[in-house]
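Participant: Prediction below, plus the sequence it came from.
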Amino acid sequence: MKPLDPKLLRYAAPARGYVLLTTAFGIITAALVIAQALLIAAALAPVISDGATLPDVASHLWWLAAVVALRAVVNGLQERYAHRAATRVVSDLREQVVTRAAALGPRWLSTGRGTDVVTLATRGLDDLEPYLVRYLPQLLLAVTVTPATLVVVLDLDWISALIIAVTIPLVPLFMILVGQLTQTYSQRRLLVMQRLGAQVLDLLAGLATLRAFGREKGPVARVRELGDAYTRSTMSTLRVAFLSGMVLELLTTLSVALVAVGIGLRLVHGDIGLETGLAVLVLAPEVYLPIRQIGVQFHASTDGITAASRAFEVLDEPLPAAGTTPAPDLSRATITLDGLSVAAPGRDVIAPAALTAEIHPGRVVALVGPSGSGKTTAVLALLGLVTPDAGTVSADGVDLATIDRSSWWSQIAWLPQRTALAPGTLREVLGAGQESAPSEQDLARAMALTGLDVVVAGLPDGLETVLGQGGLGLSVGQRQRVALTAALLGDQPLVVLDEPTAHLDALAEDQVLRTITALRAAGRTVVVVAHRPSLVALADDVIQVHSSARGTASTSTSTSTSTSTSTESTVMP
């Protein structure tokens, strides 16, 4: 990322106004710096050379006090708006990164970039704040204060201006050399942080399984190793930053000393006036100050620059083409999978391979096949979340690629293997996405079918129990019951269930079967990824899903029909 990357202004709208405001503050600061130097020289010179008294220079001192106070106010305002803008920019970029990652779909996230996005959108982008608060203002001051003060020095004393003009390029030269080294350390630090975040996220996701097998302490050594690596990379970055700051401080101090020595010698010989010499001496450090501060703050900015670059990589990922055709009515449309093939990421396998089948409205359709054959991927393609590498998904002859996704998704209720519930009360979660809240009678019937009524009876606040993000507060099986109940209460004509009995016991499995039967009786289409024989036996149609190695002939997928003889179940009105 460049010191001020145009992508930051393009992607983060709050940054544009902040840059303009900071530039205006820089211009005002340059004028105040020059005025302060000239007033100090005008007040001291008569006192030193002519023995002027306090009343003689009182007017200069009053003006000097006003300039100093105004400069403090400008610095305070700049700091205040910098923190506000940083918060808005980071929040805006975080929202865009998460939105773009979600739009890219689960297939893109499954390549390993999902955990990177999580780390980037949480801890990573927070590193952008020092860049916006500390580094960027100094960068803009360097292009306003430094040229303005150098022009004034040139007007006062061309020899001092020549010394400054010769020495000042050395500062950015050393900054570039140090910056390249610091950038390498910052990239390494972010990479280690992303690995650590991915490891911790995986550990938390599988903690219940690890505890069940008594292996919860297994990943401790790996997490500790990554934590130590992150500490070492951070300390390496700080060490380089401190050394670079010392080098830049020494360089600018020597440069100002050269100007001071030259002025002192010419003052002795009478080649320069005292007031002019004092003004140049006060202005010389101000010429170097913004550039010196860039070097001091550069180490604080490199982490943010690296994080922003990673964010731009996500935002630059091309999105799949969006369709515009309204989706057909799925309560009457037949969905056709024609030669559907998807290349499995990270494996030399096509899963599913040449899947051809029809899903008729009002029927229960089971997708069966060995693990890894592509059943869940086929569901994701049906939902429009994965773009097939070959073949099509269509509804009444309309290709899903040309269909507006929002009109398609509004007709589908999806229950993935790991149910994701929005935070809120249990009643709000059950009524989410519906035009009107379900009645108490409808709630009671649906909960009785799914077994959620037993769960609610055991909660202290019943339906008013507050759930955390993802259904925090409930077990995996309880969350599954909540999702099934919400599907029953909804009116979407197509319900997609990905292994709904995976986390349930025999009793709960029977409740799932009754729920699916009720959905079919209500005229709704149910597509279910099934492993258990009870689910397969319930289905009207069974679709075999196969995979094949890349470069080999794909195995054809056949659809068989079975007759379901399930008992009558209560149907939701």
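Facilitator: Sure, I can see it. Residues are numbered from 1 along each chain as shown.

Participant: Show residues contacting stretch 332-345.
Facilitator: 107, 110-111, 349-361, 372, 374, 377-378, 381-382, 386, 388-397, 494, 547, 550, 554 (CB atoms under 8 Å, 6 or more residues apart in numbering). (Glycine included, C-beta is placed from N, CA and C.)

Participant: again, 6 Å this time
Facilitator: 110-111, 350-361, 377, 381, 388-396 (CB atoms under 6 Å, 6 or more residues apart in numbering).

Participant: got a list of what Leu426 touches?
Facilitator: 463, 465.

Participant: Poorly predicted segments of the stretch 351-500 of the chain, please.
Facilitator: For the stretch 351-500 of the chain, the stretches with pLDDT under 70 are 433-436, 470.

Participant: where do the strands sit along it?
Facilitator: Taking DSSP state E, counting those that start in this stretch, the strands of the stretch 351-500 of the chain run over residues 355-359, 364-368, 390-395, 398-399, 412-415, 424-425, 466-467, 494-498.

Participant: With distance to Ile48 as new columns, can the ones you listed be given to me in CSV?
Facilitator: Shown next, in CSV, are the strands of the stretch 351-500 of the chain (distance: least, CB to CB, whole Å):
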stretch, distance to Ile48
strand 355-359, 92
strand 364-368, 92
strand 390-395, 87
strand 398-399, 87
strand 412-415, 82
strand 424-425, 74
strand 466-467, 74
strand 494-498, 85
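
Participant: roughly how far apart are Ser59 and Ala43?
Facilitator: 9 Å (CB to CB, to the nearest Å).

Participant: Give me the more crowded residue out of the two.
Facilitator: Ala43 (21 against 12; other CB atoms under 10 Å).

Participant: Quick check: nearest residue in space to that one, chain neighbours excluded?
Facilitator: His60 (4.1 Å; CB to CB, 6 or more residues apart in numbering).

Participant: Check which helix or strand that neighbour maps to.
Facilitator: Using DSSP states H and E, His60 maps to helix 58-104.

Participant: now swap in Val542 and tell me
Facilitator: strand 541-544.

Participant: mean confidence score for that strand?
Facilitator: On average, the pLDDT along strand 541-544 is 92.

Participant: Which parts of the stretch 201-350 of the chain are helices?
Facilitator: According to DSSP state H, counting those that start in this stretch, the stretch 201-350 of the chain carries its helices in the segments 207-212, 220-269, 274-315.

Participant: I'd like these as CSV, with mean neighbour count appended.
Facilitator: Shown next, in CSV, are these (neighbours: other CB atoms under 10 Å):
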stretch, mean neighbour count
helix 207-212, 12
helix 220-269, 15
helix 274-315, 22
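
Participant: Figure out which of the ones you listed is closest to Ala85.
Facilitator: helix 274-315 (13.2 Å; CB to CB).

Participant: Which secondary structure elements does that closest one sit against?
Facilitator: Packing partners of helix 274-315 (3 or more CB pairs under 6 Å, 6 or more residues apart in numbering; DSSP states H and E): helix 13-50, helix 58-104, helix 128-130, helix 136-142, helix 145-156, helix 170-205, helix 220-269.

Participant: most tightly surrounded among the ones you listed?
Facilitator: Comparing the helices and strands packed on helix 274-315 by mean neighbour count (mean count of other CB atoms under 10 Å), helix 136-142 comes out on top with a mean of 23.

Participant: ok so, going back, just flag whichever of the helices and strands packed on helix 274-315 has the lowest average confidence.
Facilitator: Mean pLDDT is lowest for helix 170-205 among those, at a mean of 66.

Participant: OK, contacts around Arg532?
Facilitator: Contacts of Arg532 by CB under 6 Å, 6+ apart are Thr501.

Participant: let's see 7 Å
Facilitator: Counting by CB atoms under 7 Å, 6 or more residues apart in numbering, Arg532 touches 501, 509.

Participant: Val67 too?
Facilitator: Val67 touches 32, 35-36, 39, counting by CB under 7 Å, 6+ apart.

Participant: hmm, which two among the residues you listed are most spread apart?
Facilitator: Using CB to CB, the contacts of Val67 span at most 10.2 Å, a distance reached by Leu32 and Leu39.

Participant: Quickly note the distance from the nearest residue to Gln478 once chain neighbours are set aside to Pro493.
Facilitator: Nearest residue to Gln478, sequence neighbours excluded (CB to CB, 6+ apart): Val455, at 5.0 Å. The spacing between Val455 and Pro493, counted by CB to CB, is 27 Å.

Participant: Also Ala353?
Facilitator: Taking CB to CB, one finds Ala353 at 29 Å from Pro493.

Participant: Check Leu452 too.
Facilitator: Taken as CB to CB, the span from Leu452 to Pro493 is 23 Å.
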